[in-house]
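1. Got a predicted structure here, sequence first:
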Amino acid sequence: MQIKFLVKLNKIFYKIKKIIRQLEIKKAFILNKNLRLSLQRIKFLNKQKKKTILYLCNHHSSGGSERVALDIFNGLDKDVFSAYNISFAVSMLHLEKEFRETFDFVENMGFYFEAIYHQQALLKFIEKIKPDVIFLFGSGIEYVYDLFPLIKKRCPCAKQANIIHNYNIDVKGRDENAIPYIDARVSISKHHKNILLENYEWQNKNYSDRVSVIYNGVDTNYYNDSMPDEKTKIKYNIKNDDFVISWIAAIQDLKDPMLAVEIFEQVFSQNNNAKLFLTGRIKEKKCHDNLKAKIKKYNLEKNVIITGTLNTEEVKNILSISNITILTSKDEGTPRAIMESLAMGKPVISTNVGAVSEILDDGMDGFLIDRDENMIDNFVEKIKLLRNNPDLYRQFSEYGREKAAQKFSLERMQKEYNEFFKELCEK
């Protein structure tokens, strides 16, 4: 009897909390000037009678996933679609300016609401926007999947879709209850599409028809075989005879920058004019601290350069002065760093993980290295092979450039996303 009473009491408290949160959100939309302006902006855009796509993401950092989103929506057919973006994190705003230039409407709920209010506030925005498509990149905001059944109930005409860069990181199984309400999914690789099918196809009829593969693309006119940027060479004291290796990823354990330094230590012992660039935002402080300690231990402070966050042009300039690119990740999707390197004629040596083998042809434009007890030696061997064989290097460089232009162009990617959204709206 007492247990039943406590259960009933707990339900009452939950309902009271829910009502209080709804009232707090309603109050914020009335009293906050910026939120009122946002609602006015939505009302204005809705009058244009275009198809509306609402893109949800956690933040506007300088990572590859965020740059992919910018590429997708920069190529959107503006005569057909209006693009809205709602994010949640008030940190990692490196690309805030670019997002505001790309989307017709941008709002960050983290500026107005604590995390416990995000779900209810998002529902409020969705009811006002009345999107034709809700397109989710769920990394860091997996809880949005919990809202999909309720969104479908409140906005039955809205198609719900998501993009998967790396299933093990982006989703983590949080989408299971939302599967019947996800109308379409985009995977950036066949590898991660297969993971989706393995997990869900057995219990969802015709599930494979809902999953499309659209490879990322890069602007091959921008990332081209340009001359080394002289200002970047001067800034980092790079000599003409230096052998420069670039590593482009977030500084975090998943990307394994420690392995890159261990590889470089052996390369440097055989060639003391070698330089290594570790380029990317510092995502994990502990990893960054351990990385600096290892560099100091090997006495490589003058030869290993940790750049931190760089903008697009600065990354391109680093690639322009590089001879090769290495990636040492423990898991991956289809890294933009590989596509950008190939487009600029830089051979790539990468761990053979995730979907990397779908965009890097072993022995043609780079090498794939298994993560095993011999991986450091194998990396060093392939680096040495490319450094000492100009003809082989030239073959890899030319093949990579041609492949990037044919298979991984930005134009191809944007065309496929426009077709995807148009077909989704017509379903």
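-> Cool, got the structure.

2. drop to CA atoms for contacts and neighbour counts, all remaining ones
-> Fine.

3. Just say helix, strand or coil for the closest residue to Gly75 other than its chain neighbours.
-> Nearest in space to Gly75, with sequence neighbours left out and distances taken as Cα to Cα, 6 or more residues apart in numbering, is Gln414 at 5.2 Å. Classification of Gln414 by DSSP: H, G, I helix; E, B strand; the rest coil places it in helix.

4. Just confirm Gln414 contacts Ala69, I think it does.
-> No. Between Gln414 and Ala69 there is no contact under Cα atoms under 8 Å: 10.5 Å.

5. May I ask which helix or strand encompasses Thr334?
-> Thr334 belongs to no helix or strand when elements are defined using DSSP states H and E.

6. contacting residues around it?
-> Under the criterion of Cα atoms under 8 Å, 6 or more residues apart in numbering, the neighbours of Thr334 are His165, Ile188, Ser189, Tyr215, Asn216, Gly354, Ala355, Val356, Glu358, Ile359.

7. Narrow those residues to just the buried residues.
-> Taking 16 or more other Cα atoms under 10 Å as the criterion, what is buried in those is His165, Ile188, Ser189, Tyr215, Asn216, Gly354, Ala355, Val356, Ile359.

8. quick one on the thing from earlier: in terms of neighbours, single out the busier of Gln414 and Ala69.
-> Using other Cα atoms under 10 Å, the more surrounded residue of Gln414 and Ala69 is Gln414, with 21 against 18.

9. List the contacts of that one.
-> By Cα under 8 Å, 6+ apart, the neighbours of Gln414 are Asp71, Ile72, Gly75, Leu76.

10. Restricting the selection to alpha carbons, write the host helix or strand of the second one to CSV.
-> So the one you mean is Ile72. Ile72 is part of helix 64-74 when elements are defined by DSSP H and E. C-alpha atoms of helix 64-74 as CSV (Å, rounded to 0.1, in the frame of the first residue of the first chain):
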residue,chain,number,x,y,z
GLY,A,64,34.9,17.8,-39.7
SER,A,65,31.2,17.0,-39.0
GLU,A,66,30.4,20.7,-38.6
ARG,A,67,32.2,21.6,-41.8
VAL,A,68,30.2,18.9,-43.6
ALA,A,69,27.0,20.5,-42.4
LEU,A,70,28.1,23.8,-43.8
ASP,A,71,29.0,22.2,-47.1
ILE,A,72,25.5,20.5,-47.3
PHE,A,73,23.5,23.6,-46.5
ASN,A,74,25.7,26.0,-48.6
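
11. Please parse the protein into its domains.
-> 16-217+410-426, 230-407 (automatic domain parsing).

12. Tell me which of those domains is the most buried.
-> Of the domains of the chain, the one with the most neighbours on average (mean count of other Cα atoms under 10 Å) is domain 230-407, at a mean of 19.

13. That one: end-to-end distance?
-> 30 Å (Cα to Cα, to the nearest Å).

14. hmm, back to that, could you dump the domains of the chain to CSV with distance to Asn224 and mean pLDDT?
-> Below are the domains of the chain laid out as CSV (distance: least, Cα to Cα, whole Å; pLDDT from 0 to 100):
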stretch, distance to Asn224, mean pLDDT
domain 16-217+410-426, 13, 90
domain 230-407, 4, 96
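
15. Tyr223: which of these is closest?
-> domain 230-407 (5.5 Å; Cα to Cα).

16. Quick one: distance of that closest one to the chain centre.
-> Its chain's C-alpha centre and that of domain 230-407 lie 19 Å apart, by Cα atoms, centre = their mean, to the nearest Å.

17. so who does the spatially closest residue to Met92 that is not a sequence neighbour touch?
-> Leaving aside its chain neighbours, Met92 sits nearest to Ser61 (4.7 Å; criterion: Cα to Cα, 6+ apart). Neighbouring residues of Ser61 by Cα under 8 Å, 6+ apart: Met92, Leu93, His94, Leu95, Glu96.

18. tally of neighbours for the closest residue to Ile321 other than its chain neighbours?
-> Distances taken as Cα to Cα, 6+ apart place Pro228 nearest to Ile321, at 4.7 Å, with adjacent residues excluded. When neighbours are counted by other Cα under 10 Å, Pro228 registers 16.

19. Run through the helices of the stretch 301-427 of the chain in chain order.
-> 312-320, 336-343, 375-388, 390-407, 410-426 (DSSP state H, counting those that start in this stretch).

20. sorry, back to before: just to be sure, the residue nearest to Met92 is in a helix?
-> No. Using three-state DSSP, the assignment for Ser61 is coil, not a helix.

21. for it, phi and psi?
-> phi -80, psi -180 (degrees, to the nearest 10).

22. Can you tell me how far it is from Glu98?
-> Taken as Cα to Cα, the span from Ser61 to Glu98 is 11 Å.

23. now Pro131
-> Distance from Pro131 to Glu98, counting by Cα to Cα: 22 Å.

24. ditto for Gly110
-> 18 Å.

25. what does Trp247 give?
-> From Trp247 over to Glu98 the distance is 24 Å, taken as Cα to Cα.

26. Lys27 now?
-> 31 Å.

27. ok, now Asn240?
-> 35 Å.

28. for Cys157, same thing?
-> Distance from Cys157 to Glu98, counting by Cα to Cα: 30 Å.

29. can you pull the contacts of the residue sitting nearest the centre point of the chain?
-> Nearest to the geometric centre of the chain sits Ser65, at 1.4 Å (Cα atoms, centre = their mean). Shown in contact with Ser65 (Cα under 8 Å, 6+ apart): His165.

30. Now tabulate the contacts of Gln414 in JSON lines and tack on distance to Leu39.
-> Listed next are the contacts of Gln414 as JSON lines, based on distance: Cα to Cα, whole Å:
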{"residue": "Asp71", "distance to Leu39": "26"}
{"residue": "Ile72", "distance to Leu39": "25"}
{"residue": "Gly75", "distance to Leu39": "26"}
{"residue": "Leu76", "distance to Leu39": "23"}
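
31. from those, which single one is nearest Asn177?
-> Ile72 (27.5 Å).

32. which residue sits closest to the closest one, ignoring its sequence neighbours?
-> In space, and not counting its chain neighbours, Ile72 is closest to Gln414: 5.7 Å by Cα to Cα, 6+ apart.

33. now that neighbour: how far from Asp209?
-> 21 Å.

34. go on, Lys78?
-> 27 Å.

35. Show me which pair in the contacts of Thr334 is furthest apart.
-> Farthest pair in those (Cα to Cα) is Asn216 and Gly354. Separation: 14.8 Å.

36. Tell me which stretches of the stretch 101-250 of the chain form helices.
-> Here the stretch 101-250 of the chain has its helices, by DSSP H, counting those that start in this stretch, at 118-129, 148-154, 167-170, 190-200, 230-235.
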